[in-house]
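Chemist: the sequence and its predicted three-dimensional model are supplied below.
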Amino acid sequence: MTATTDELLLPVPDEDGAPFWEYAARGELRVQACSACGRLRFPPRPCCPRCQSFESEWRPMSGRGRIWSYVRPHPPLLPAYAAQAPYNVILVELAEDPLIRLAGNLVTTADAALDSVDPARLRIGARVQVVFTEIGGVTVPRWILEKA
Amino acid sequence: MAATLKDATAIVGIGQTPFAKQLPQSEKELACRAILAALADAGIAPAEVDAFASYTMEETDEVEVAKAIGAGDVTFFSKVGYGGGGSCATVGHLAAAVATGQATVGVAWRSRKRGSGPRPWKNTAVQLPTPGQWTRPFGLLRPADEIGMLARRYMHEYGATRDHLFNVAMACRNRANENPAAMMYDRPLTREMYMTSRMISDPLCLFDNCLETDGALACVIVSAERARDCRHKPVYVHSVAQGLPAQHHGMVNYWNDDPLSGPAWTAARHLWKQADFGPQDVDVAQIYDAFTPLIPLSLEGYGFCGRGEGAAFTEGGALERGGRLPINTGGGGLSEAYVHGFNLINEGVKQLRGASTAQVPDAATCLVTAGEGVPTSAILLRA
Ligand SMILES: [Zn+2]
């Protein structure tokens, strides 16, 4: 763990989001699903906007998806991010349900820097696969290109 | 009691301080100066003010402001949520209060020291719980990053280009070059400057972002009846709307089924339903422009063109003076001042008074919008 990595912002889970991060710590990508109607929902919340059920479960995902959009932030930025800028932030639509879109970073390997992927390879529609890495004691999902 | 707000109230006074990267006065003093200027413009004594409306991310509150300016007993006050999305709603709330007899003289204002103060995203850590936990750790830190994500998708889906965004930046800059009060009054922009400027959050470059500004503005609202006796020609509040769409996520609307149709669409439906005229009858528009991509998105949302046609709409000088829909005639947030959109309200009033520095001949109707991408608001003004 480099000093720079230590300063990246860590997720602060709320009550609804905590299971996502707990599963991530076990290397699992799971999304909240309604136990009554089966619909996936993100971000997690106490009840289902479709059927109002308060019963939910955390369904395992394949970890496959496509890039829906991306940005490349340049400074001025918080120092830990400025050190790796311009990096990428991608939005991944999940294979199971393209309306579930997760923000993340496209990297060459799970532990690589946020700017490790050649920007020329960033493309909307590109297929990606989830990987996990630990920053400051918290496991976060990241993404690698399916065709490396 | 009025059954409708339509033309029941009018804006009769506007006021503003200078705009600059750094002003010596405090936000409270700037607020008081703008409000007193607006009251003087209306010819109404501060002691007659009995209503205040502001919107969140405003550091001065009505207790302090009322005391400082010498307001009378206040019987209505409101604070609208979501920062720049609340600008036009302040006028809407005051119009409702005055039209229903809850108050007689309303003041709305905005005071900011964003130019010399801290950048709001420096406080990113306090935003880390929901929904920040899903975006901030990955380096999606600033509004420019959040809107850049939508902009990239918009460009991909509809073939919009940086030239379209440049059209927006250029229209605002050209109007600022005509407005001595604008921060960019004497700073012309060229396509080359735009295309070679540094990126802030690719695909958004420096000139796709609003200005960091110190300054304050205010306006005064009274009943249509009273407005007829004020110093200036009344500018009637014809229609007002707020919009918080189903399943909306502020700034990061990525989890909505359709992230590219934002709050503008919701506000627009209500706005036009209450109005005697439609988008084709709007002479001039003041459209919230914290970032250039908000303009094509808003043009679509408010019905000036079809879905996906907002970028093409900007072609051929359509947004310039003399074009199909002149926008942001004071220079907007991109080139006049970024004071969370309040300058757009006052510029709408100037147009309908015939007193803009970029006057649209015989302008009789004006759309003013608040921040798109967050729960928003809009007003239709008429002469
Ligand atoms: Zn359900």
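Modeler: Received, thanks. Numbering: from 1, shown residues only, chains lettered A, B, ... in the order given.
Chemist: can you tell me the centre-most residue of chain A?
Modeler: A:Gly104 (4.1 Å; C-alpha atoms, centre = their mean).
Chemist: give me the beta-bridge partners of that residue?
Modeler: Note on A:Gly104: beta-bridge partners by DSSP bridges are A:Ile90.
Chemist: tell me how far it lies from B:Asp163.
Modeler: 30 Å (C-beta to C-beta, to the nearest Å). Backbone N, C-alpha and C define where each C-beta goes, glycine included.
Chemist: tell me the contacts of the residue nearest to the centre of chain A?
Modeler: A:Val89, A:Ile90, A:Leu91, A:Val92, A:Val130, A:Val140, A:Pro141, A:Arg142, A:Trp143, B:Phe138 (C-beta atoms under 8 Å, 6 or more residues apart in numbering or on different chains).
Chemist: buried only: go through those residues for me.
Modeler: Taking 16 or more other C-beta atoms under 10 Å in any protein chain shown as the criterion, what is buried in the contacts of A:Gly104 is A:Val89, A:Ile90, A:Leu91, A:Val92, A:Val130, A:Val140, A:Pro141, A:Arg142, A:Trp143, B:Phe138.
Chemist: mind listing what the residue nearest to the spatial centre of chain B touches?
Modeler: For chain B, the residue lying nearest the average C-alpha position, counting by C-alpha atoms, centre = their mean, turns out to be B:Gly341 (2.8 Å). Residues counted as contacts of B:Gly341 (C-beta under 8 Å, 6+ apart) are B:Gly84, B:Ser87, B:Cys88, B:Arg110, B:Tyr288, B:Ala290, B:Gly333, B:Thr369, B:Ala370, B:Gly371.
Chemist: which one of those residues is nearest chain A?
Modeler: B:Ala290 (15.7 Å; C-beta to the nearest C-beta).
Chemist: distance of the closest residue in space to the closest one that isn't next to it in sequence relative to B:Met183?
Modeler: Distance criterion C-beta to C-beta, 6 or more residues apart in numbering or on different chains; nearest residue to B:Ala290, sequence neighbours excluded, is B:Cys210 at 4.7 Å. To B:Met183, B:Cys210 is 10 Å away according to C-beta to C-beta.
Chemist: helices of chain B, start to end?
Modeler: B:27-42, B:62-69, B:87-99, B:143-158, B:162-176, B:191-196, B:224-227, B:263-273, B:294-301, B:310-313, B:332-335, B:342-353 (DSSP state H).
Chemist: could you check the angle helix B:294-301 makes with the fourth one?
Modeler: Using axes from the mean of the first three to the mean of the last three C-alpha atoms, to 10 degrees, one finds that helix B:143-158 and helix B:294-301 are set 50 degrees apart in direction.
Chemist: in helix B:143-158, what counts as buried?
Modeler: In helix B:143-158, counting by 16+ other C-beta under 10 Å, buried: B:143-156, B:158.
Chemist: before we move on, back to that, A:Gly65: which of the buried ones among the contacts of A:Gly104 is nearest?
Modeler: Closest approach to A:Gly65 among these (C-beta to C-beta): A:Val92, at 4.1 Å.
Chemist: looking at the helices of chain B, which is buried most?
Modeler: Mean neighbour count (mean count of other C-beta atoms under 10 Å in any protein chain shown) peaks for helix B:332-335 among the helices of chain B, with a mean of 30.
Chemist: quick one, what contacts the spatially closest residue to B:Phe19 that is not a sequence neighbour?
Modeler: Among residues not flanking B:Phe19 along the chain, B:Ala337 sits closest, at 3.7 Å (C-beta to C-beta, 6+ apart). Shown in contact with B:Ala337 (C-beta under 8 Å, 6+ apart): B:Phe19, B:Ala182, B:Met183, B:Leu211, B:Thr213, B:Gly215, B:Gly331, B:Asn343.
Chemist: tabulate those residues (a markdown table), appending pLDDT.
Modeler: As requested, the contacts of B:Ala337 are exported to a markdown table (pLDDT from 0 to 100):
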| residue | pLDDT |
| --- | --- |
| B:Phe19 | 98 |
| B:Ala182 | 98 |
| B:Met183 | 98 |
| B:Leu211 | 97 |
| B:Thr213 | 96 |
| B:Gly215 | 98 |
| B:Gly331 | 98 |
| B:Asn343 | 98 |
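Chemist: what would those look like in JSON lines with distance to B:Asn253?
Modeler: Formatted as JSON lines, the contacts of B:Ala337 follow (distance: C-beta to C-beta, whole Å):
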{"residue": "B:Phe19", "distance to B:Asn253": "30"}
{"residue": "B:Ala182", "distance to B:Asn253": "30"}
{"residue": "B:Met183", "distance to B:Asn253": "29"}
{"residue": "B:Leu211", "distance to B:Asn253": "24"}
{"residue": "B:Thr213", "distance to B:Asn253": "26"}
{"residue": "B:Gly215", "distance to B:Asn253": "29"}
{"residue": "B:Gly331", "distance to B:Asn253": "27"}
{"residue": "B:Asn343", "distance to B:Asn253": "25"}
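Chemist: now, those residues that are in strands?
Modeler: With DSSP state E as the criterion, strands contain B:Gly215 from among the contacts of B:Ala337.
Chemist: just the contacts of B:Ala337 that are near the ion?
Modeler: Of the residues in the contacts of B:Ala337, proximity to the ion by C-beta under 5 Å from the ion holds for none.
Chemist: in the stretch 201-350 of chain B, which residue sits nearest chain A?
Modeler: Closest residue of the stretch 201-350 of chain B to chain A, C-beta to the nearest C-beta: B:Asp202 (3.9 Å).
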